[in-house]
Structures are given as structure tokens and as C-alpha cells.
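Chemist: fold the following for me, if possible:
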Amino acid sequence: MDSPRNSGKLIDSSVGKIVRSTEQAVSRGDAAGSTKGPAGVIYIKERYFTMLKKDLILRNPLRVMGHENDDILESGQFGAVLARAGVGKTAFLVQLSLNALLRRKNVLHISLTDPVNKVSLWYKEVFNLIAEQYQVHQINQLWDSVLPHRFIMTFRVEGFSVPKLQERLADLTEQNIFTPQMIIVDGFPFDDAVEPSLREFKNMVALQGMHAWFTVRTHRHQEPEADGTPLQLAHVSDLFEVAIQLLPEGKEIHVKALKGGDSFSKQLDLRLDPSTMLLTNQS
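Modeler: Predicted structure coming up:
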């Protein structure tokens, strides 16, 4: 899993104005309709963070997929992000996850390749880059507000199974610790024997009202199927409602819709910036 790299600022002046004007209202405590005293200040700060989250969601390039306020996948559905090693699969899914976290959705991130601290660093770095891009102030407070909605779980590849995952999930939900609405699985091996496990996984998310995204590692030397589906997904493509491929072309990384609804497949024009691994909208 490769880490995003540093880049210069990409400034959106309108976002900066919104952030600064709202922060001034918070510091003065004189926003319209607010009450004075500690309770009023808390209310204003909560409203400020709500406004900021909504603004980030509206400016998220993922909105071109036609789902500004809802998830791309419905309950029980699977999505796949396919690419060669180091192209940006994890960065793409972390941005999907952050978009859900900003909407107060609970996201379970399962890594089969990296420890918790490395996955957590991924989120922090991507979040910081997004905040820098849009000149977000009070980044630490905003980060703290979304963090309770994320839970990281790690397994060794050889030790992962759906029954083991169900056991861990039961421990979390029965104690009211965490109940996921979205699952990300990074590092799942898409080999010839993967189909039974995927079907079992799909039944689980359907029963529990969740949806799941998977990273799928492709290989340069392998030709895709006639319809363009990489071999790693071809034998289980019927289990996936959405499939997105990241394709390096020159100095750009194109985001290509392989499978999905008409709501985004015909208009998807996204890129991953190779210097930051952040999504950008070209339309």
C-alpha cells in the first residue's frame, strides 16, 4: 500500500470565505438565532462543522457519480476498485470512506496487508491533503468529529474468513461499540478459489443492511476479457454491482467505470492526481 505524496495548495476562494466567515461568527458568538453563553457557543460550533461537512461533500469529485447525498452502493451490494500495484486503489477507497464519514455513516475498514497504524496514517494524510486543498480551518476538530464513525480491523490474509469476521462484528455490535454501514476490504485475494467466500460475504452484508467495497489488484501482462473486465474480477463479476478501474495514462491516472448504473457510468470523468492521489473532476 503506497502513501500519498505532498503537493502544493489548490485554493478554492469561495470555500475559504465560507470557512472564515463562519469561524468569525463562532468566535464572536453572535450568529443569528444563537443564544449567548457556553450553550450558544457549542451550538454555533456544531452548526459550523455541519456546514463545513456539507460543503466538502458538495465539492467532492465523487458527486459526478450521481450520489451527492447517498451511497453509490445500496445495501447488500458490492463495489470493486481495480488497478495495478501502486496506482491508487487504497487512496480511492479512503476518499470514498471519508465521504461517507462526513455524512455520519459508520465505515469498517478491513486491511489484510497492513497494521492499524499504517491504515490510520493513510486516512490522516488523505484528510490533511483534502483540508489543504480547500483551505479548511480547524482541521483537528473536524477530524475528531468524523473519527468516531470509523473502525479499523486487520487480519492476516491466510487467517481471514467470513465466519471470523462475523464473530468480530458480533462482539462490536452486541456491546454497542460499533455497527458498520459500509465495509472496505483492502487486500482480499481474488484468486480462483475466491467465489465461495465472496458469496458468503455478500449474504452477510445483505442480511445486516451493509454494502462493501473491495480492492482488486490487476497485472500489466494479463489481457482483459472481451468486455474489458480484468481477469481477476471476470469469474466473480456477477457478484459486483459496480466496478471501477484506475488506469495510468501518461502523467494522469484515469478513473474508468467498468460496471455500474447509468447514473455515473456515462458521465464519469475523474482523475487521480499522481502527486497527491486525490480525485479531481475533469468535466
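
Chemist: quick one: neighbours of S237, just the number.
Modeler: For S237, the tally of surrounding residues (other CB atoms under 10 Å) stands at 17. (Each C-beta comes from the backbone N, C-alpha and C, glycine too.)

Chemist: how about the helix or strand where Q141 lies as PDB, C-alpha atoms only?
Modeler: Using DSSP states H and E, the element containing Q141 is helix 139-146. Only the C-alpha atoms of helix 139-146 are listed here, as PDB (Å, rounded to 0.1, in the frame of the first residue of the first chain):
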ATOM      1  CA  ILE A 139      -8.900  20.700  10.800                       C
ATOM      2  CA  ASN A 140      -8.200  18.800  14.100                       C
ATOM      3  CA  GLN A 141     -11.700  19.500  15.400                       C
ATOM      4  CA  LEU A 142     -13.200  18.400  12.100                       C
ATOM      5  CA  TRP A 143     -11.100  15.200  12.100                       C
ATOM      6  CA  ASP A 144     -12.200  14.500  15.700                       C
ATOM      7  CA  SER A 145     -15.800  14.800  14.700                       C
ATOM      8  CA  VAL A 146     -15.600  12.100  11.900                       C
END
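
Chemist: next SSE downstream of that helix?
Modeler: Downstream of helix 139-146, the next assigned helix or strand under DSSP H and E is strand 150-154.

Chemist: which is the next helix or strand following that following strand?
Modeler: On the C-terminal side of strand 150-154, the closest following helix or strand by DSSP H and E is helix 162-174.

Chemist: quick check: buried residues in that next one?
Modeler: Using 16 or more other CB atoms under 10 Å as the test for burial, helix 162-174 gives 162, 165, 169.

Chemist: what angle sits between that helix and strand 150-154?
Modeler: With axes from the mean of the first three to the mean of the last three CA atoms, to 10 degrees applied, the angle from helix 162-174 to strand 150-154 works out at 150 degrees.

Chemist: model confidence over helix 162-174, on average?
Modeler: Per-residue pLDDT values over helix 162-174 give a mean of 97.

Chemist: quick one: list the elements packing against the next helix or strand after that helix.
Modeler: Using DSSP H and E, the helix or strand that follows helix 162-174 towards the C-terminus is strand 182-186. Here strand 182-186 touches helix 89-102, strand 107-111, strand 211-217, going by 3 or more CB pairs under 8 Å, 6 or more residues apart in numbering; DSSP states H and E.

Chemist: how about G76, what does it touch?
Modeler: Residues near G76 by CB atoms under 8 Å, 6 or more residues apart in numbering: 202, 205-206, 209-211.

Chemist: out of the residues you listed, which is nearest to P274?
Modeler: P274 has its nearest neighbour among those in H211, at 28.7 Å by CB to CB.

Chemist: ok, the closest one touching A100?
Modeler: No. Contact between H211 and A100 fails when scored by CB atoms under 8 Å: they sit 10.1 Å apart.

Chemist: which neighbours do those two share?
Modeler: Counting by CB under 8 Å, 6+ apart, the residues touching both H211 and A100 are 71, 181-182.

Chemist: out of those, which comes closest to N128?
Modeler: M182 (21.9 Å).

Chemist: contacting residues around the closest residue to K105 other than its chain neighbours?
Modeler: Spatial nearest neighbour of K105, chain neighbours left out: Q181 (4.9 Å); criterion: CB to CB, 6 or more residues apart in numbering. Contact analysis of Q181 by CB under 8 Å, 6+ apart lists 100, 105-107, 209-211.

Chemist: now list the buried members of those.
Modeler: Buried, going by 16+ other CB under 10 Å: 100, 105-107, 210-211, out of the contacts of Q181.

Chemist: how about CSV for those residues, with distance to P230 added?
Modeler: Shown next, in CSV, are these (distance: CB to CB, whole Å):
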residue, distance to P230
A100, 25
K105, 29
N106, 30
V107, 25
M210, 25
H211, 21
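
Chemist: from those residues, which shows the smallest pLDDT?
Modeler: The member of the buried ones among the contacts of Q181 with the lowest pLDDT is A100, at 91.

Chemist: correct me if wrong: that residue contacts D71.
Modeler: Yes. Using CB under 8 Å, A100 is in contact with D71, at 6.7 Å.

Chemist: any shared contact partners between the two?
Modeler: In terms of CB under 8 Å, 6+ apart, A100 and D71 are both contacted by the residues M182.

Chemist: okay, now the unreliable bits of the stretch 151-283 of the chain?
Modeler: Within the stretch 151-283 of the chain, the segments meeting pLDDT under 70 span 261-268, 282-283.
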